[in-house]
Every structure is written in C-alpha cells, then in structure tokens.
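Engineer: Turn this into a structure:
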Amino acid sequence: MSYFDTASAAPLHPVARQALLAALDEGWADPARLYREGRRARLLLDAAREAAADAVGCRPDELVFTPSGTRAVHTGVSGAMAGRRRTGRQVVVSAVEHSSVLHAAEAYERVTVGVDRSGRVAAADFAAALRADTALACLQSANHEVGTVQPVAEAAALCRAAGVPLLVDAAQSLGWGRVEGEWSLLTASAHKWGGPSGVGLLVVRKGTRFAPQGPADERESGRAPGFENLPAIVAAAASLRAVREEAAQEAVRLSALVDLIRSRVPRVVPDVEVVGHGTLRLPHLVTFSCLYVDGEALLTGLDRAGFSVSSGSSCTSSTLTPSHVLKAMGVLSEGNVRVSLPPGTAAQDVERFLAVLPGVVAEVRSALGAPSSAPAASSGPGRQGGREPRESALVVDSLGKLCPIPVIDLARVIDDVPVGGLVTVLSDDEAARLDIPAWCEMRAHDYLGERPAERGTAYTVRRRA
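Structural biologist: Now for the predicted structure:
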C-alpha cells in the first residue's frame, strides 16, 4: 500500500515516535510545579519551545503550543482582531485560504482577494484590498490542495507599510523551511510534518497588538489554556528539527517525482487538467482533474489498487460542492486527485501509480457511460463569458444529476450540434457552474454564460468545431 496523502496528515516520523515514548516517561508531571518532576517537565517544555522557535525563526517567548493547528488559527485571528479593535473589523484573506482561516474571518468583515488560474495571489491585489479599517490580513505560505506557493514576503512588506499585521498559515510549508518576510503572526500543525496530531504552533511577534480571548489562563502566555500535552509537544519539536535536516535533499528528490507525474499523467490519461503552479509550488504535491470521472469512484478505485490519495472534487462523499480552492481558481473540479508524497517515497511506487491510473480512470468513465475522448480543437480558448446567448436549438436536461453527469450529458450531444450552434444544459448541481466552463476551455468550445431557469441554472455553450 502506498500512502500519498501527507498534505492531510504525514506518517509519524521515527524521531517523533522515539521522543514521544521518552517524554511519556520523563514529561508526565506539571511543568508549572517546583518539585523535581515538575522541573524536569519544564526543562523538556522549554527545550521543545526553543527547538520549534529555531525552526520557525522567532524568539522562544513569541511561540506557544496549541491543541491543534485550527486552534492556533482561531486564536491568532481572534486575538489579533481584538488587539486592533480600535482600527476596525475588516480582515483581508485570499480566496484559497484553509477553511479554518475562512471560518475564523467570518466573524468579522471579511474581504476576499482572488487568485489566478494557478491559485496564486497577486501581491498588488492583496495590497489594494487593505484599507484604513483593516485590522488583519491572512495569507497562507503554500496552498494545501494544489501546492502553489504564495508571495508572502512581498505581501508582508506591503502589509507592514500599511500598518496591518499579516497572519501566515504555514501548516503545509513549515516542514520544508522557514517562512521569509516580516509577517506578524504564524500558525502551523505538527501532524503535517510527521509529528503527532493534537499539537499546533502559534507565533505572535513582538510589537504585534494581541489580546487573547476567552477566560484567562496562566499557561502558554494565556494564549492556549489548559494543561500542556508535553509528550506530544516534545515529539512535535523533535520531528520538526528532524524533517528540516532532511528537507533539502528530499525536496530535490520528491520534486523530480512530482515533475514526472505532472508530465506523464496528461499523456497516459486523456482529458486531464493538471492544476496549480508549475514551478512555484511545494516539492511533494501535485493535483490534477479528470473529465467525466466521479471523484469518489476514482479514489475508491485507486484505494483498491493500493494507493491512498485525496481529492477536492465535488463528487465525493465528504462534500456536494466543489472545493473552494478549485472554484476560486476556475479550474475543473470533477475527478480531482491530489497526490502528496511522503519523504522516502520510492520512484518505483510513483511508476506503479502512473501504470495503474489510466485503467482506473477508464473503468470509472466506462461505468458512467462517458463519451470517448477526442483531441481538443485548435481554434483557441473557449471561455467566452459575457455574451448574450440567443435561443438554443438544443436543451439538455441534467436536473437532479450530480457531478460529473451534467458534463457527460453535454459531451454526448455536442457532436449533434452544428458548428456555430448552441446547446443549453439545465442543471441544479453546484459543480456544473465550474465544470461546464472548464470543459469548454479544455474542448475549445465557447462558454456563453449562465442564467436562472425555472429549475436550476441554464448553461449555454456554442460549438466551435
């Protein structure tokens, strides 16, 4: 079995396991007590904090341990907003932030900055969203679904010039290296780099206005109340140091394997869109989407073949709407596969994945009755949103059908439409709003836009060739 989903959770690093077992014996006492066992526990906690701070690039007294990365984000956002409550209630976020950031920002006046088709924010757009009443800005270091690296250092400089603190979600990137730039707050989660689950990091740099919310507590500077999970904290810090020592070598090796997947998948599987930035990306992560494929069936088929991967597809058991990241990027969401390789992944495992994938995709497409794949026309891009569609000659009723069936229904009839003719798809599936335009771009037809229908939404397409 090959586990290719470290973006969700990395396997426990051997160093983390050793440190956890040792700390269970030595670090069980209350580090706030003055007797021998308490002092020993305190020494372990201080050493873990210093190791983590060194990895982050901050002072030890700027870093606290939280019960999770999500808790670190929520505490960071609420504390920063409370510390700057006289400034205003606006918080600026990118459209592809982790859901924990977006949920935390919902309690305030959230302003969302869009991204390009690679999932990357333009620093100038980010700066343009800052106002006099902006209390906080949030920008991830690298995206959790497509791996695109964000211009954090540039955005941080612009935020600092505007007098706005920047919170960086570094959960996906911290194991690979420090986050550069003059950011003000940083969060991360140990289970992303091979530490135990249940440990997060929150860094608040000196000079950042911060007011912890909730009842006061004497532990972790009042920013993470409750008794510290010291064995897990020790293991988290030890594993972060260990993965950093291996990071440079592993980044080169895994990046080559990701490049292989990025180049090979479109050649061996027809109608595939590789998403995310080609070069400005995490070294271990690649995402692609397959036309005419049910995401849940694809993941299940790959699991049976011995591969554990993830998906941002709308057609999975965990969600009925497209991933907000893929939606913000405007790329195909159906049949989405995220491969995130753990350190030590063997080249032969990747080759085996590439050998298995075409058969699994073909099996899913066949079960759905998808049309045969054909090369896209060479007449240029097909996204032509904004035109006023004329009356369609053909209407396809896909109401009540979920992704990817509306796109399959469209593909089945497009050859029956004369060149220049129109076809309208009626659908009440949220994913159609993203997948039909993406299909038009891939197949080089004109997407003429959408309009409300008596039931659902009408999507109109003009055949180009």
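Engineer: All the helices of the stretch 301-450 of the chain, residue numbers only.
Structural biologist: If you assign secondary structure with DSSP state H, counting those that start in this stretch, the helices in the stretch 301-450 of the chain sit at 324-329, 347-368, 405-413, 432-443.
Engineer: do the same with the stretch 1-150 of the chain
Structural biologist: Listed in chain order, the helices of the stretch 1-150 of the chain (DSSP H, counting those that start in this stretch) span 14-26, 36-56, 69-83, 99-105, 123-128.
Engineer: buried sites along the shortest one?
Structural biologist: It refers to helix 123-128. Within helix 123-128, the residues that qualify as buried are 123, 126, 127, counting by 16 or more other CB atoms under 10 Å. (C-beta placed from N, C-alpha, C; glycine too.)
Engineer: That one: how far from the chain's middle?
Structural biologist: Centroid displacement of helix 123-128 relative to its chain, using CA atoms, centre = their mean, to the nearest Å, is 21 Å.
Engineer: do stretch 123-131 as well
Structural biologist: Relative to its parent chain, stretch 123-131 has a centroid offset of 22 Å by CA atoms, centre = their mean.
Engineer: Outside of it itself, list whatever touches it.
Structural biologist: 88, 90, 92, 94, 111, 113-114, 137, 139, 151, 154-155, 158-159, 162, 164 (CB atoms under 8 Å, 6 or more residues apart in numbering).
Engineer: Most neighbours among these, please name it.
Structural biologist: Taking other CB atoms under 10 Å to define a neighbour, the member of those with the most is residue 137, carrying 29 neighbours.
Engineer: Can you name every helix or strand that the lengthiest helix in the chain contacts?
Structural biologist: If you go by DSSP state H, the chain has its longest helix at helix 230-268. Taking 3 or more CB pairs under 8 Å, 6 or more residues apart in numbering; DSSP states H and E as the contact definition, the neighbouring helices and strands of helix 230-268 are helix 14-26, helix 36-56, strand 272-275, strand 285-290, helix 347-368.
Engineer: where's the most centrally placed residue in the chain relative to residue 192, distance?
Structural biologist: Compute the mean C-alpha point of the chain, and by CA atoms, centre = their mean the closest residue is residue 144, 2.4 Å away. Per CB to CB, to the nearest Å, residue 144 is found 9 Å from residue 192.
Engineer: Distance of the nearest residue to residue 178 once chain neighbours are set aside relative to residue 425?
Structural biologist: Counting by CB to CB, 6 or more residues apart in numbering, residue 178 lies nearest to residue 57, which is 4.5 Å off, once chain neighbours are set aside. If you measure residue 57 against residue 425 using CB to CB, the figure is 51 Å.
Engineer: The two: which is more packed in?
Structural biologist: Relative neighbour count places residue 425 above the other of residue 57 and residue 425, with 26 against 12, counting by other CB under 10 Å.
Engineer: Tell me who's in contact with that one.
Structural biologist: The contact partners of residue 425, by CB under 8 Å, 6+ apart, come to 396, 398, 406, 409, 410, 432, 436, 458, 459, 461.
Engineer: repeat that with 6 Å
Structural biologist: Going by CB atoms under 6 Å, 6 or more residues apart in numbering, residue 425 touches 396, 398, 406, 410, 459.
Engineer: Give the burial count for the last one, as a bare number.
Structural biologist: Using other CB under 10 Å, residue 459 has 29 neighbouring residues.
Engineer: same question, the first one
Structural biologist: By other CB under 10 Å, 20 other residues sit near residue 396.
Engineer: any idea how far residue 432 is from it?
Structural biologist: Computed as CB to CB, the residue 396 to residue 432 distance reads 11 Å.
Engineer: now the strands for the stretch 51-200 of the chain?
Structural biologist: For the stretch 51-200 of the chain, applying DSSP state E, counting those that start in this stretch gives strands covering 63-66, 90-94, 109-113, 134-138, 166-169, 185-189, 200-204.
Engineer: From the contact counts, what lies against the second one?
Structural biologist: If contacts are counted by 3 or more CB pairs under 6 Å, 6 or more residues apart in numbering; DSSP states H and E, strand 90-94 sits against strand 109-113, strand 134-138.
Engineer: Would you mind reformatting the ones you listed (as a markdown table) and adding columns for distance to residue 363 while you're at it?
Structural biologist: Compiled in a markdown table, the helices and strands packed on strand 90-94 are given as follows (distance: least, CB to CB, whole Å):
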| stretch | distance to residue 363 |
| --- | --- |
| strand 109-113 | 39 |
| strand 134-138 | 41 |
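Engineer: Can you verify my assumption that residue 235 contacts residue 17?
Structural biologist: No. Between residue 235 and residue 17 no contact is recorded; they are 7.4 Å apart, counting by CB atoms under 6 Å.
Engineer: Distance across stretch 264-278, terminal residue to terminal residue?
Structural biologist: 14 Å (CA to CA, to the nearest Å).
Engineer: Quick check: of the buried residues of helix 123-128, which lies closest to residue 184?
Structural biologist: Ranking those by separation from residue 184, with CB to CB as the measure, puts residue 126 on top at 14.6 Å.
Engineer: Need phi/psi at residue 208.
Structural biologist: Here the main-chain torsion angles of residue 208 (degrees, to the nearest 10) amount to phi -90, psi 120.
Engineer: What's the local residue count around it?
Structural biologist: A total of 20 residues lie near residue 208 under the criterion other CB under 10 Å.
Engineer: repeat for residue 367
Structural biologist: Residue 367 has 12 neighbours, counted by other CB under 10 Å.
Engineer: got it, and the one 5 residues further on?
Structural biologist: The local packing of residue 372 (other CB under 10 Å) involves 8 other residues.
Engineer: How much space separates it from residue 271?
Structural biologist: Relative to residue 271, and taking CB to CB, residue 372 is found at 10 Å.
Engineer: next one: residue 47
Structural biologist: 53 Å.
Engineer: can you check residue 289 too?
Structural biologist: Separation of residue 289 from residue 271 (CB to CB): 9 Å.
Engineer: Looking at those two, which has the bigger crowd around it?
Structural biologist: Using other CB under 10 Å, the more surrounded residue of residue 289 and residue 271 is residue 289, with 27 against 24.
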